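Colleague: Please work out how this folds:
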Amino acid sequence: MNSDTIKTNVNPLPEYSSCSTCGINNEPMLDGNMQREGDRNEPILRPGNTNCGGCGMSVILNWLSLAAGSETRLQMVIPACCGIVTPGKFPNSAYGLPVVASTFASAAAVGTGLAHTAELNNDNTRVICFAGDGGTYDIGMATLSAAAERNEDLLYICYDNEIYGNTGGQRSSATPLGAVTTTTQFGKDVNKKDIVAIMSAHRIPYTASLSIAHPNDSLAKLKKALAMKGFRFLHVLSPCPTGWKSEPSEGIELVRKSVKSGLFPIIEIENDEVGETLTINIEPEMCEESLRTYFESQGRFKRGVDIPEITRGIERNWKSLRLRAGK
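Modeller: Numbers count the residues shown, from 1 in each chain. Next up is the predicted model:
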């Protein structure tokens, strides 16, 4: 192991990300008050849910509630994942909207049926598939790709915690290189899939990545996707303190560092009859200190990661993104 290979001790993160190279990057604040006149009377995620402390899924569900507001009727399909455990035991539910529990592989197929039913009934209900990375990258890829190819009127949100969190912490194809899981005890030896590239290759109307550390950008994308027709895909990096072996209070900080270092690009891709338009929403600082701290703060990387190799991969990815963005 060379001097540029990190071994982690799960070092605590500061309250704000303080970087000697880049300075302080405080968390962006939401414009206005959190509770407004147009908000939903019944939030999508109610108190008393079963989510772990620090779960990124909880954050994005609350933002989805804010983005939808009181005027948007919603139905949600959730396959086997942590998200379908969230509501608790029947007959009670911690979800404040109609939810269909689907099999692992069929969220997009079930959502397609709901969307067609709404259309037949002249109902303006917006149908959302809400799935983890296992049900998106792996087991659900067939129905996801088929629905995207047909351009079904669905909003598909993948909360990506980079692990099969509900079944014991196994690796998925979203698990990053070097991460230790219950099925990769020596660290995963291949890179994660680029799900945003895969979905945008279907030429669907809208594909975007969201950061829970940048609420204004994320809320704007959620509102945009809810208002659009056709197939829309949103990818959210979702911290999992249990699987990542990180502190629950540090999830947003970790995502901020992944964005700042360029590891997690924040972009949106729109396709129409003219062609593809890729927009870079947040310019990364390519901060190596942020990248190192990101890995050092997670016990799943305890066997070490090769920072120079990861940096080269980040640079290659951003070169490709800038070319597609016309920069």
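
Colleague: List the contacts of stretch 190-203.
Modeller: The set of residues external to stretch 190-203 that reach it, using C-beta atoms under 8 Å, 6 or more residues apart in numbering, is 133, 136-137, 145, 148-149, 158, 160, 162, 173-177, 207-209, 231, 233, 235, 265, 267, 269, 271, 276, 278, 313, 317. All C-beta atoms are positioned from the backbone trio N, CA, C, and that covers glycine.

Colleague: Point to the residue nearest the middle of this protein.
Modeller: Nearest to the centroid of the C-alpha atoms of the chain, with distances taken as C-alpha atoms, centre = their mean, sits Val236, at 1.3 Å.

Colleague: Helices of the protein, residue ranges please.
Modeller: Across the chain, reading from the start of the chain, the helices by DSSP state H fall at 56-68, 82-85, 107-120, 141-149, 195-200, 215-227, 241-244, 251-260, 288-296, 307-324.

Colleague: Is it possible to get a markdown table of those that adds mean pLDDT and mean neighbour count?
Modeller: Listed next are the helices of the chain as a markdown table, based on pLDDT from 0 to 100; neighbours: other C-beta atoms under 10 Å:
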| stretch | mean pLDDT | mean neighbour count |
| --- | --- | --- |
| helix 56-68 | 94 | 22 |
| helix 82-85 | 95 | 22 |
| helix 107-120 | 98 | 20 |
| helix 141-149 | 98 | 19 |
| helix 195-200 | 98 | 20 |
| helix 215-227 | 96 | 19 |
| helix 241-244 | 96 | 22 |
| helix 251-260 | 97 | 25 |
| helix 288-296 | 97 | 22 |
| helix 307-324 | 96 | 15 |
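
Colleague: any chance of those in JSON lines, with distance to Gly168 too?
Modeller: Compiled in JSON lines, the helices of the chain are given as follows (distance: least, C-beta to C-beta, whole Å):
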{"stretch": "helix 56-68", "distance to Gly168": "18"}
{"stretch": "helix 82-85", "distance to Gly168": "12"}
{"stretch": "helix 107-120", "distance to Gly168": "21"}
{"stretch": "helix 141-149", "distance to Gly168": "21"}
{"stretch": "helix 195-200", "distance to Gly168": "22"}
{"stretch": "helix 215-227", "distance to Gly168": "30"}
{"stretch": "helix 241-244", "distance to Gly168": "10"}
{"stretch": "helix 251-260", "distance to Gly168": "21"}
{"stretch": "helix 288-296", "distance to Gly168": "23"}
{"stretch": "helix 307-324", "distance to Gly168": "27"}
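
Colleague: Minimum distance to Asp189: which of those helices has it?
Modeller: Between Asp189 and the helices of the chain, the shortest separation by C-beta to C-beta is 12.4 Å, and it involves helix 307-324.

Colleague: follow-up on the earlier one: show me what the residue nearest to the centre of the chain bridges to in the sheet.
Modeller: Beta-bridge partners for Val236, by DSSP bridges, are Tyr159, Leu210.

Colleague: re earlier: report the buried members of the contacts of stretch 190-203.
Modeller: Buried residues within those, defined by neighbour count using 16 or more other C-beta atoms under 10 Å: 133, 136-137, 148, 158, 160, 162, 173-177, 207-209, 231, 233, 235, 265, 267, 269, 271, 278.

Colleague: picking up where we left off before, the residue nearest to the centre of the chain: what's it in contact with?
Modeller: Applying C-beta under 8 Å, 6+ apart as the definition, the contact partners of Val236 turn out to be 56, 60, 157-160, 209-212, 218.

Colleague: Please repeat the previous calculation with a cut-off of 7 Å.
Modeller: 56, 60, 157-160, 210, 212 (C-beta atoms under 7 Å, 6 or more residues apart in numbering).

Colleague: same thing with Tyr164?
Modeller: Under the criterion of C-beta under 7 Å, 6+ apart, the contact list for Tyr164 reads 134, 170, 172.
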